[in-house]
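*Asks:* Please work out how this folds:
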Amino acid sequence: MKPRPGPAEAALPAAARAELDRFIDSLWLEHGLARNTLSGYRSDLALFAVWLSARATPLAQAQSSDLAAYLAEFSLRARPASQRRLLASWRRYYRHLLANREISIDPTLMLDPPLPAQRFPKTLSEAQVEALLAAPDVHTPQGVRDRCMLEVLYAAGLRVSELIGLKLFGVSLDQGVLRVMGKGSKERLVPLGEIAADWIVRYMREGRPTLLAGRSCDEVFVTRFGRGMTRQMFWRIIKQNALIAGIPAERISPHTLRHAFATHLLNHGADLRVVQLLLGHADISTTQVYTHVARERLKQLHAKHHPRA
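*Replies:* Next comes the predicted model:
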């Protein structure tokens, strides 16, 4: 599914919006990029096009000097990760124009990417995960659902979009696996684990029928309105149960259990390539960030318990 135009495009003329439509259509059809990635590219280019319009310069005719001037302004308010995404958006767009012979020189060639910031994912200790999993009130249908979602998220290391998008046909309890749709519409099989499988069975028996109240829904996890779970509602579920578990708000997000899944696997000796496959990372360099987290944890344990640390 392609992204919709964002609010930044309201200031653009129809021809510029049509140009963005053609470019995004091309990325979607030729490369199968995820919707969030396409939305990011479109937003970056639309904001840049608005900035250029004040200088009477069309997006397709921007020069290296225009890109450098905009990047200098953008870097004052944006993190390195946002700057790198902007550069990726530019490179995709101007190489697309170059390939179609709409321009003769790629204006991004002279630009240097910002230095990567050393940012490690926020994660939880195993004790914190246990406290979070135990937080929902499992005497209610909503509590059974919430416990099941948390168990599945941690057991399978899913992205939140994969969790809320999980379909009934994607659950194979006999084989103990989930069939999930990841980034770029790439499907993968993920082991589930016995405890999470038991919670799915209980949720299907005690929680889901009550929440649906006779209505039908293809998604596994549903709201009390009988519709599929949303990212916003699951964010609230995570926050509420983290508060009960005594986990600081700044330490928790819907992605935290995915980080904990990867870190704990590595702490217990899992191979990095296996973790890469389980997470659905296309590039192992994305997975390697977890080795830093695991290494820091091992250093802490050594310092705490070794007599000569």
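*Asks:* Centre-most residue in this protein?
*Replies:* Geometric centre of the chain, nearest residue: Arg159, 5.9 Å, by Cα atoms, centre = their mean.
*Asks:* Below-threshold pLDDT in the stretch 151-300 of the chain: ranges please.
*Replies:* Applying pLDDT under 70 to the stretch 151-300 of the chain flags the ranges 184, 282-300.
*Asks:* Report the residue ranges of every domain in the protein.
*Replies:* As assigned by automatic domain parsing, the chain contains the domains 7-99, 126-305.
*Asks:* possible to save those as CSV with distance to Ile105?
*Replies:* C-beta: built from backbone N, CA, C; applies to glycine. CSV is the format used below for the domains of the chain (distance: least, Cβ to Cβ, whole Å):
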stretch, distance to Ile105
domain 7-99, 8
domain 126-305, 29
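*Asks:* Could you find the closest non-adjacent residue to the residue nearest to the centre of the chain?
*Replies:* Residue nearest to Arg159 in three dimensions, not counting chain neighbours: Arg258, with 6.4 Å by Cβ to Cβ, 6 or more residues apart in numbering.
*Asks:* looking at this, that neighbour is in a strand?
*Replies:* No - Arg258: not assigned to a strand; according to DSSP: H, G, I helix; E, B strand; the rest coil it is helix.
*Asks:* quick one: the strands in the stretch 201-309 of the chain?
*Replies:* When assigned using DSSP state E, counting those that start in this stretch, the stretch 201-309 of the chain turns out to have no strands.
*Asks:* so who does Ser64 touch?
*Replies:* The neighbours of Ser64, taking Cβ atoms under 8 Å, 6 or more residues apart in numbering as the test, are 107-111.
*Asks:* Mind checking which of those residues are buried?
*Replies:* 107-108, 111 (16 or more other Cβ atoms under 10 Å).
*Asks:* So which of those residues are in helices?
*Replies:* With helices taken from DSSP state H, there is no overlap with the buried ones among the contacts of Ser64.
*Asks:* how about the helices in the stretch 1-150 of the chain?
*Replies:* With DSSP state H, counting those that start in this stretch, the ranges of helices along the stretch 1-150 of the chain come out as 14-31, 35-53, 64-74, 80-99, 126-133, 141-156.
*Asks:* Okay, buried residues for the second one please.
*Replies:* Neighbour-count burial for helix 35-53, counted by 16+ other Cβ under 10 Å, picks out 35, 37-52.
*Asks:* same deal with the shortest one?
*Replies:* The neighbour-count check on helix 126-133 (16+ other Cβ under 10 Å) flags 128-129, 131-133 as buried.
*Asks:* Next, report how far it is displaced from the centre of its chain.
*Replies:* Here helix 126-133 is found 22 Å from its chain centre; the criterion is Cα atoms, centre = their mean, to the nearest Å.
*Asks:* For Val138, give me its contacts.
*Replies:* 144, 147.
*Asks:* ok, now how distant is it from His96?
*Replies:* To His96, Val138 is 52 Å away according to Cβ to Cβ, to the nearest Å.
*Asks:* Kindly provide the distance from Leu12 to Trp90.
*Replies:* In terms of Cβ to Cβ, Leu12 sits 17 Å off from Trp90.
*Asks:* repeat for Asn36
*Replies:* Distance from Asn36 to Trp90, by Cβ to Cβ: 18 Å.
*Asks:* before we move on, what about Leu132?
*Replies:* 40 Å.
*Asks:* In terms of distance to Ile247, which of the buried ones among the contacts of Ser64 ranks first?
*Replies:* Distance to Ile247 across these (Cβ to Cβ) is lowest for Leu111, with 40.9 Å.
*Asks:* looking at it, the closest one is touching Ala68, isn't it?
*Replies:* Yes - at 6.7 Å, Leu111 and Ala68 qualify as touching, with contact defined as Cβ atoms under 8 Å.
*Asks:* so where do the helices sit in the stretch 151-300 of the chain?
*Replies:* In order along the chain, the stretch 151-300 of the chain carries the following helices (DSSP H, counting those that start in this stretch): 160-164, 194-202, 208-212, 231-245, 256-267, 272-279, 284-287, 289-305.
*Asks:* Pick the most deeply packed of the ones you listed.
*Replies:* helix 256-267 (a mean of 22; mean count of other Cβ atoms under 10 Å).
*Asks:* CA atoms only for it, dumped as PDB, please.
*Replies:* What follows is the C-alpha trace of helix 256-267 in PDB, where atoms were taken according to Å, rounded to 0.1, in the frame of the first residue of the first chain:
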ATOM      1  CA  THR A 256      11.600  -2.500  23.500                       C
ATOM      2  CA  LEU A 257      10.600  -6.100  23.800                       C
ATOM      3  CA  ARG A 258      12.000  -6.800  20.300                       C
ATOM      4  CA  HIS A 259      15.300  -5.300  21.500                       C
ATOM      5  CA  ALA A 260      15.100  -7.400  24.700                       C
ATOM      6  CA  PHE A 261      14.400 -10.500  22.600                       C
ATOM      7  CA  ALA A 262      17.600 -10.000  20.500                       C
ATOM      8  CA  THR A 263      19.800  -9.000  23.400                       C
ATOM      9  CA  HIS A 264      18.700 -11.900  25.600                       C
ATOM     10  CA  LEU A 265      19.300 -14.400  22.800                       C
ATOM     11  CA  LEU A 266      22.800 -13.100  22.400                       C
ATOM     12  CA  ASN A 267      23.500 -13.000  26.100                       C
END
